[in-house]
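Asks: This is a predicted model, with the sequence first.
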Amino acid sequence: MRGPRWVVDRTWRRTGTVLEAGSPLRVFRTSAAGLATLERLEHGLDPLPADAPLVDRLVDAGAIHPLVEPDPDRLRATTVVIPARVADARDAQRLARLVAALAPVPTIVISDASPHRLPDIACRTIVRGVRGGPGAARNTGLAEVETPFVAFVDLDVRATADDLASLLGHFDDPRTVLVAPRVRSLPRDGALARYERARSPLDRGPDDGLIRPASRVPWVPAALLVCRTAEVRDAGGFDPSLQAGEDVDLVWRLGDAGWRCRYAPDVECGHEPRSDVPAFVAQRFRDGRSTAPLALLHRSRLAPIRMSRSEAAWWCAAAAWTPVALLAGLAAATVRLSRRLGERGVPRESLRLATAAQARTARHVARALTRPWLPALLVAAIVSRRARGVLAAAALLPALVDWWRTKPGLDPARFVALSVLDDASHAAGIAAGALAHRTAAPFLPDLHGAGGDGRATAVDPAVPVSPSVAGTRRYGGAA
């Protein structure tokens with residue numbers, strides 16, 4: 001039987017036996033035998049059986065990703081579960097269209113106390129008399145599944161049986177327990193739809209990766225998830241006490257149990273954009289509100305920012321607009337990396353890594369300032385001109401960079417205005433959730449000392465955390 005084929009991550013950069021790759025970015029030093037493995041992977045060649053330990057480590061680091069073929073045979077071993085709260089005739093039409101698109105895969109629709117009559121659909125339906133939320137509805141369906149694989153598909157997703165077949169190919173890896181596609185907002189007319197197309201919180205981007213905290217893909221929405229049935233049951237399924245963010249919680253628990261959860265953006269599914277600005281604001285508010293209960297369950301994983309104490313001091317100096325402190329911090333990071341990288345630690349390379357890492361950190365700091373820390377920054381801005389400058393830079397610069405990169409077909413003024421509304425709605429939700437749960441956890445940074453394992457060295461001083469931990473308006477109907 002042919003083994004899996006691999007593609008290197010876009011971060012892959014090698015000089016001799018030293019490799020930089022993965023998410024978060026790490027540095028590996030290999031032996032001469034390991035170098036031969038790296039060269040085979042770079043050229044798209046099949047690794048040898050003896051390469052398996054290094055290949056496995058590179059997969060876990062996010063340095064390489066499998067190239068898989070669709071597996072239509074596994075469709076016969078898969079059951080689709082659709083949690084549905086059908087609020088009106090439009091939702092009923094969506095449900096009928098989705099069930100037809102997923103045929104002939106066996107499907108179970110869980111009506112979570114829907115106020116509207118279900119459409120005539122050729123599948124099994126279960127009606128919950130009491131509304132329990134998306135997690136409870138999925139668990140109801142999971143209990144009825146008799147196949148080795150289950151696909152959870154939300155009502156407002158555009159997906160087909162072919163999409164499921166493509167995702168099922170990833171289960172050739174026995175450690176893979178969950179796979180999620182890229183979910184993009186469907187193209188529509190209007191400023192809001194164009195903004196959602198470019199900056200939807202459901203869209204985790206174009207790059208492959210393992211789904212885990214402190215990585216490029218720290219979470220995915222449950223808009224479409226394909227899973228191993230028994231393993232999800234063993235993990236306890238979705239937490240029904242979470243009305244949002246239950247998808248994030250499940251993925252992190254599966255990862256903690258030693259499983260791989262994979263993001264496969266080569267499979268792209270559609271999602272309806274928000275219909276109007278009030279719906280947009282309400283959804284972002286709910287996303288923010290889910291941060292507090294998740295933070296209580298997962299502690300520092302929901303911290304606004306994670307960085308070393310020395311890095312935090314450097315960014316405090318940056319906020320004070322002290323050029324000397326900025327240059328001194330960059331120089332210190334360059335020297336530190338040069339020492340840790342050994343033979344690779346030439347000044348030019350260390351400076352490149354340090355500069356790139358600080359640029360990534362700047363984005364994460366800006367996100368923290370405009371979301372969880374926004375209330376405090378607004379208070380400071382009332383009395384401090386410097387705070388007003390920090391607030392303006394944090395709110396405007398990342399939005400303008402995104403506008404430039406995505407070319408959304410929307411003028412920068414409206415794009416930035418929607419970005420500010422996006423952040424403010426999310427910030428309000430975080431504050432409301434923290435008050436409701438009486439916790440300061442969503443506001444507390446995770447400051448730690450620098451460290452390394454001696455073999456794979458982390459070079460990112462700050463780690464991206466979830467900017468929006470809840471996924472979607474779960475049913476496509478009334479919230």
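Replies: Ah, there it is. Numbers count the residues shown, from 1 in each chain.
Asks: the helices in the stretch 51-200 of the chain, which residues?
Replies: 52-61, 89-102, 134-144, 161-168, 191-199 (DSSP state H, counting those that start in this stretch).
Asks: Could I get the ones you listed in a markdown table, plus columns for mean pLDDT and distance to residue 180?
Replies: For the C-beta atoms, the positions are set from N, CA and C on the backbone; glycine is no exception. As requested, these are exported to a markdown table (pLDDT from 0 to 100; distance: least, Cβ to Cβ, whole Å):
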| stretch | mean pLDDT | distance to residue 180 |
| --- | --- | --- |
| helix 52-61 | 92 | 17 |
| helix 89-102 | 94 | 16 |
| helix 134-144 | 95 | 14 |
| helix 161-168 | 97 | 8 |
| helix 191-199 | 93 | 19 |
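Asks: Poorly predicted segments of this structure, please.
Replies: 1-4, 314, 317-358, 449-479 (pLDDT under 70).
Asks: circling back: switch the helices of the stretch 51-200 of the chain over to JSON lines; also include mean neighbour count and distance to residue 233.
Replies: Output for the helices of the stretch 51-200 of the chain, formatted as JSON lines (neighbours: other Cβ atoms under 10 Å; distance: least, Cβ to Cβ, whole Å):
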{"stretch": "helix 52-61", "mean neighbour count": "18", "distance to residue 233": "24"}
{"stretch": "helix 89-102", "mean neighbour count": "18", "distance to residue 233": "22"}
{"stretch": "helix 134-144", "mean neighbour count": "22", "distance to residue 233": "6"}
{"stretch": "helix 161-168", "mean neighbour count": "22", "distance to residue 233": "18"}
{"stretch": "helix 191-199", "mean neighbour count": "21", "distance to residue 233": "34"}
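Asks: Please produce CSV containing those, extended by distance to residue 235.
Replies: As requested, those are exported to CSV (distance: least, Cβ to Cβ, whole Å):
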stretch, distance to residue 235
helix 52-61, 19
helix 89-102, 24
helix 134-144, 11
helix 161-168, 19
helix 191-199, 31
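Asks: For residue 387, the count of nearby residues, please.
Replies: For residue 387, the neighbour count with other Cβ atoms under 10 Å is 18.
Asks: How about residue 149?
Replies: Residues near residue 149, counting by other Cβ under 10 Å: 25.
Asks: same deal with residue 281?
Replies: Applying other Cβ under 10 Å, we find 18 other residues in the vicinity of residue 281.
Asks: in a strand, that's where it is, yeah?
Replies: No - the assignment for residue 281, made by DSSP: H, G, I helix; E, B strand; the rest coil, is helix rather than a strand.
Asks: From residue 303, how far off is the closest residue to it other than its chain neighbours?
Replies: Leaving out its chain neighbours, the residue that sits closest to residue 281 by Cβ to Cβ, 6 or more residues apart in numbering is residue 425, at 4.6 Å. Counting by Cβ to Cβ, to the nearest Å, the gap from residue 425 to residue 303 is 21 Å.
Asks: for residue 312, same thing?
Replies: For residue 312, the distance to residue 303 - Cβ to Cβ - is 12 Å.
Asks: ok, now residue 96?
Replies: 43 Å.
Asks: swap in residue 286?
Replies: For residue 286, the distance to residue 303 - Cβ to Cβ - is 21 Å.
Asks: quick check: angle from the helix or strand containing residue 37 to helix 52-61?
Replies: Here residue 37 is covered by helix 32-42, with elements defined by DSSP states H and E. Helix 32-42 and helix 52-61 are oriented at 60 degrees to each other (axes from the mean of the first three to the mean of the last three Cα atoms, to 10 degrees).
Asks: Now do helix 32-42: distance to the chain's middle.
Replies: Between the centre of helix 32-42 and the centre of its chain there are 30 Å (Cα atoms, centre = their mean, to the nearest Å).
Asks: which residues sit against it?
Replies: Applying Cβ atoms under 8 Å, 6 or more residues apart in numbering, the contact partners of helix 32-42 are 6, 8, 12, 14, 16-17, 19, 30, 46-48, 50-51, 54-55, 58, 64.
Asks: Identify the contacts common to residue 312 and residue 303.
Replies: With Cβ under 8 Å, 6+ apart as the test, residue 312 and residue 303 both reach residue 445.
Asks: So for stretch 161-175, first residue to last residue, what's the gap.
Replies: 23 Å (Cα to Cα, to the nearest Å).
Asks: scratch that, stretch 54-74 is what I was asking about
Replies: Criterion Cα to Cα; first-to-last residue distance in stretch 54-74 is 29 Å.
Asks: which residues sit against it?
Replies: 4-9, 11-12, 19, 21-23, 26, 28, 30, 34, 37, 41, 47, 149, 162, 165-166, 168-173, 208-210, 215-216, 260, 456.
Asks: Selection in ChimeraX covering whichever of the residues you listed are buried, please.
Replies: Buried residues within those, as defined by 16 or more other Cβ atoms under 10 Å, are selected in ChimeraX through the command that follows:
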select :4,6,8,9,11,12,19,21,22,23,26,28,30,34,37,41,47,149,165,166,168,169,170,171,173,208,209,210,215,216,260,456
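Asks: does residue 23 really touch residue 9, like I thought?
Replies: Yes - here residue 23 lies in contact with residue 9, judged by Cβ atoms under 8 Å, at a distance of 7.2 Å.
Asks: Give me the common contacts of these two.
Replies: By Cβ under 8 Å, 6+ apart, the residues touching both residue 23 and residue 9 are 62, 209.
Asks: buried set for the helix ranked longest in the chain?
Replies: Looking across the chain with DSSP state H, the single longest helix is helix 412-437. Under the neighbour-count criterion of 16+ other Cβ under 10 Å, helix 412-437 has 415-416, 418-419, 421-434, 437 buried.
Asks: name the helices or strands packed onto it?
Replies: helix 191-199, helix 277-289, helix 291-298, helix 347-370, helix 374-383, helix 385-406 (3 or more Cβ pairs under 8 Å, 6 or more residues apart in numbering; DSSP states H and E).
Asks: Check which element follows that helix along the chain.
Replies: strand 446-448.
Asks: What pairs with that next one, parallel or antiparallel?
Replies: strand 306-308 (parallel) (DSSP bridges).
Asks: just how off-centre is the partner strand within its chain?
Replies: Worked out by Cα atoms, centre = their mean, strand 306-308 lies 19 Å from the chain centre.
Asks: what comes up buried for it?
Replies: 306-307.
Asks: quick one: residue 255 and residue 262 touch, right?
Replies: No - the pair residue 255 / residue 262 is not scored as a contact, 10.8 Å apart, by Cβ under 8 Å.
Asks: How about the contacts made by residue 231?
Replies: 177, 254, 257, 259.
Asks: Just these: which are in helices?
Replies: residue 254.
Asks: For residue 134, state which of the contacts of residue 231 is nearest.
Replies: residue 254 (17.4 Å; Cβ to Cβ).
Asks: give the contact list for that closest one.
Replies: Contacts of residue 254 by Cβ under 8 Å, 6+ apart are 177-178, 231-232, 235, 261.
Asks: show me what contacts the nearest residue to residue 11 once chain neighbours are set aside?
Replies: Nearest residue to residue 11 in three dimensions, chain neighbours excluded: residue 21, at 5.0 Å (Cβ to Cβ, 6+ apart). Counting by Cβ under 8 Å, 6+ apart, residue 21 touches 8-9, 11-14, 28, 58, 61-64.
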